[in-house]
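A.B. asks: Return atomic coordinates for the entry below.
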Amino acid sequence: MKQREKFGSRLGFLLLSAGCAIGIGNVWRFPYLVGQNGGGAFVLCYLIFLAIFGVPILSMEFAVGRASRKSPVRAYQELEKPGTKWHLHGYVALVGNYVLMMFYTTVAGWMLYFFYGFLTGKFTGLDAAQVSGLFGEMLASPSINVFWMVVVVVCGVLVCSMGLQKGVERITKNMMLCLLLLMVVMAVHGILLEGGVEGLKFYLLPDLQKMREAGIGKVIAAAMNQSFFTLSLGIGAMAIFGSYLDNSHTLLGEAVNVAVLDTFVAVVAGLIIFPACFAFGVSPDSGPSLIFITLPNVFISMTGGRIWGTLFFVFMSFAAFSTVIAVFENIIACDMELFNIDRKKSACLNLVLIIFLSLPCALGYNLLSGLEPLGPRSAILDLEDYVVSNWLLPLGSLIYLLFCTWNFGWGFENFRAEANQGTGLKVPVWMYGYVKFVVPLMILVVFLQGIIK
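C.D. replies: Residues are numbered from 1 along each chain as shown. Presented below is the predicted three-dimensional model:
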């Protein structure tokens, strides 16, 4: 039997896992939620929920991967009791990874397109209306969307085809270290801008009045949602990295480390965005308009704006591409075990398959713009995002949780024994009742919120 690949270093594992969790939505959504929900008060709620909610589930995904030494599509079969059907979720998890990449590759392509635009001076001298028009032109162009989507897929598959240590770990580790350094440089620059301190106050100081206006219950619910979705739990995207881990460190401790890295990036993203917006009198907005319209206008107004705009979209491209590589690795590893093929064949198969599956989203704002699956002004991307975010992630997380806590699954004692191997933070016995009864209820709250919304 061929020996399973392993990480070359612990740092590689931590940066790759964090890279999977750190995504585009997490970078632009977290700062906006902070500003909308009372600043520092929201941050405090978010950190509490991340610790009591996100971290335990992340440790369970890692444990299923490490104990089975298999990809998510085969992991349950190694651990489940005879006659049970937990392994069916492995196939659903694989589908979830494909659906995620069906729209994520297009959005990552937008990041590269804007990076290329700033690098080549395309934005120099444009006014606000022209920047907005440029974004609209990009969406309306089938060739631009498809070309940059294909670039993302080809680069991602190429990295994964080189192997775990030589490709995935080596490239992602260097890319993430550059991303972290770049973020710190840009955050310092933003804070030092004239008027930037006001943005800092808006971002980090608790505003109880704003919290009351938003509704304390709404703020708490938003913090719970963000703490859950930020770690990309439920589709095996983290379980695959557990399968490459050795037993030298406990999994609860590693889950905390990944959560801290993810939170660091989300918080520092706000240190880049809010001071810059306030320094130039721009009201920060959510979603694509913040990244593709508001911030380009801010960078154009800055001294050396072409350089800072280029650096910002390098950072956003790295954030996007780290997730793409991590999820591609999961898909390629699953197909290797599912079809009993080697890494190169799985990579070639998925190069064609992911490009084909990504086409509807790439064409969703132009040739297929007549399709509005979730109502007026919605696009194919919105449907794909809705399926992943509101169904596959929360329900998948619930399945991992039940599998690791109930005796008709793998069971809490088996999970605890696996998670506590090595040095680091241990899973205590008292957590049993909490993760068995309380955390599933919290996941159901997140799920129902998403469906109702």
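A.B. asks: what does stretch 32-52 rub up against?
C.D. replies: The contact list for stretch 32-52, computed with Cβ atoms under 8 Å, 6 or more residues apart in numbering, reads 30, 202-208, 210-211, 214, 218-220, 222-224, 226-228, 230, 256, 259, 263, 267, 270, 274, 284-286, 290. C-beta here means a position set from N, CA and C on the backbone, and glycine is covered the same way.
A.B. asks: pLDDT of it, averaged?
C.D. replies: Here stretch 32-52 scores 86 as its mean pLDDT.
A.B. asks: do the same with stretch 379-394
C.D. replies: On average, stretch 379-394 scores 94.
A.B. asks: From the chain's centre, how far out is it? Work that out for me.
C.D. replies: Here stretch 379-394 is found 13 Å from its chain centre; the criterion is Cα atoms, centre = their mean, to the nearest Å.
A.B. asks: just stretch 204-212 next, same as before
C.D. replies: 27 Å.
A.B. asks: Now do it: distance from first to last residue.
C.D. replies: 17 Å (Cα to Cα, to the nearest Å).
A.B. asks: Begin at 741, not 1, for the rest of this chat.
C.D. replies: Right, with 741 as the first residue, what we last looked at is stretch 944-952.
A.B. asks: What segments of the stretch 841-990 of the chain are helices?
C.D. replies: 868-880, 882-901, 910-932, 936-944, 948-954, 956-969, 979-982 (DSSP state H, counting those that start in this stretch).
A.B. asks: Next, the buried residues of the fifth one.
C.D. replies: When burial is assessed from 16 or more other Cβ atoms under 10 Å, helix 948-954 yields the following buried residues: 950-951, 954.
A.B. asks: if we can go back for a sec, redo the helices of the stretch 841-990 of the chain as JSON lines? Include distance to residue 761.
C.D. replies: Compiled in JSON lines, the helices of the stretch 841-990 of the chain are given as follows (distance: least, Cβ to Cβ, whole Å):
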{"stretch": "helix 868-880", "distance to residue 761": "27"}
{"stretch": "helix 882-901", "distance to residue 761": "17"}
{"stretch": "helix 910-932", "distance to residue 761": "11"}
{"stretch": "helix 936-944", "distance to residue 761": "21"}
{"stretch": "helix 948-954", "distance to residue 761": "26"}
{"stretch": "helix 956-969", "distance to residue 761": "10"}
{"stretch": "helix 979-982", "distance to residue 761": "11"}
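A.B. asks: which stretch in these has the least confidence?
C.D. replies: helix 948-954 - the lowest mean pLDDT of the helices of the stretch 841-990 of the chain, at a mean of 80.
A.B. asks: ok, and what's touching it?
C.D. replies: Against helix 948-954 from outside (Cβ under 8 Å, 6+ apart): 776-779, 781-782, 959.
A.B. asks: now, which of these sits nearest residue 991?
C.D. replies: residue 782 (28.4 Å; Cβ to Cβ).
A.B. asks: In what element of secondary structure is the closest one found?
C.D. replies: Using DSSP states H and E, residue 782 sits in helix 780-789.
A.B. asks: between that helix and helix 936-944, how many degrees?
C.D. replies: Inter-element angle recorded for helix 780-789 and helix 936-944: 50 degrees (by axes from the mean of the first three to the mean of the last three Cα atoms, to 10 degrees).
A.B. asks: Point out where the stretch 941-1090 of the chain drops to low pLDDT.
C.D. replies: Within the stretch 941-1090 of the chain, the stretches with pLDDT under 70 are 1025-1027.
A.B. asks: buried residues in the longest helix seen in the chain?
C.D. replies: When the chain is parsed with DSSP state H, its longest helix is helix 1045-1079. Within helix 1045-1079, the residues scored as buried using 16+ other Cβ under 10 Å are 1045-1046, 1048-1077.
A.B. asks: How about stretch 1165-1182?
C.D. replies: Applying 16+ other Cβ under 10 Å to stretch 1165-1182 flags 1165-1167, 1171, 1175, 1179-1180, 1182 as buried.
A.B. asks: I'd like the residues you listed laid out as CSV, including pLDDT.
C.D. replies: Formatted as CSV, these follow (pLDDT from 0 to 100):
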residue, pLDDT
1165, 97
1166, 97
1167, 97
1171, 96
1175, 97
1179, 96
1180, 96
1182, 94
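A.B. asks: Which member of these is positioned nearest residue 829?
C.D. replies: residue 1180 (15.1 Å).
A.B. asks: Find the helix or strand that that closest one is a member of.
C.D. replies: helix 1179-1192.
A.B. asks: Output that helix as PDB - backbone C-alpha positions only.
C.D. replies: Output of helix 1179-1192 as PDB, limited to C-alpha atoms (Å, rounded to 0.1, in the frame of the first residue of the first chain):
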ATOM      1  CA  VAL A1179     -23.300  23.100  19.800                       C
ATOM      2  CA  PRO A1180     -25.800  21.300  17.500                       C
ATOM      3  CA  LEU A1181     -28.500  23.700  18.600                       C
ATOM      4  CA  MET A1182     -26.200  26.600  17.700                       C
ATOM      5  CA  ILE A1183     -25.600  25.100  14.200                       C
ATOM      6  CA  LEU A1184     -29.400  24.700  13.800                       C
ATOM      7  CA  VAL A1185     -29.800  28.400  14.700                       C
ATOM      8  CA  VAL A1186     -27.300  29.400  12.000                       C
ATOM      9  CA  PHE A1187     -29.000  27.100   9.500                       C
ATOM     10  CA  LEU A1188     -32.500  28.500  10.100                       C
ATOM     11  CA  GLN A1189     -31.200  32.100  10.000                       C
ATOM     12  CA  GLY A1190     -29.700  31.400   6.600                       C
ATOM     13  CA  ILE A1191     -32.900  29.800   5.200                       C
ATOM     14  CA  ILE A1192     -35.200  32.500   6.600                       C
END
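A.B. asks: between it and helix 780-789, how many degrees?
C.D. replies: 130 degrees.
A.B. asks: by how many degrees do helix 1179-1192 and helix 956-969 diverge?
C.D. replies: Using the same axes, to 10 degrees: helix 1179-1192 against helix 956-969 is 100 degrees.
A.B. asks: helices or strands up against helix 1179-1192?
C.D. replies: helix 795-808, helix 956-969, helix 1133-1145 (3 or more Cβ pairs under 8 Å, 6 or more residues apart in numbering; DSSP states H and E).
A.B. asks: Just send the ones you listed back as CSV, with mean neighbour count and distance to residue 980 too.
C.D. replies: Below are the helices and strands packed on helix 1179-1192 laid out as CSV (neighbours: other Cβ atoms under 10 Å; distance: least, Cβ to Cβ, whole Å):
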stretch, mean neighbour count, distance to residue 980
helix 795-808, 26, 6
helix 956-969, 20, 19
helix 1133-1145, 24, 13
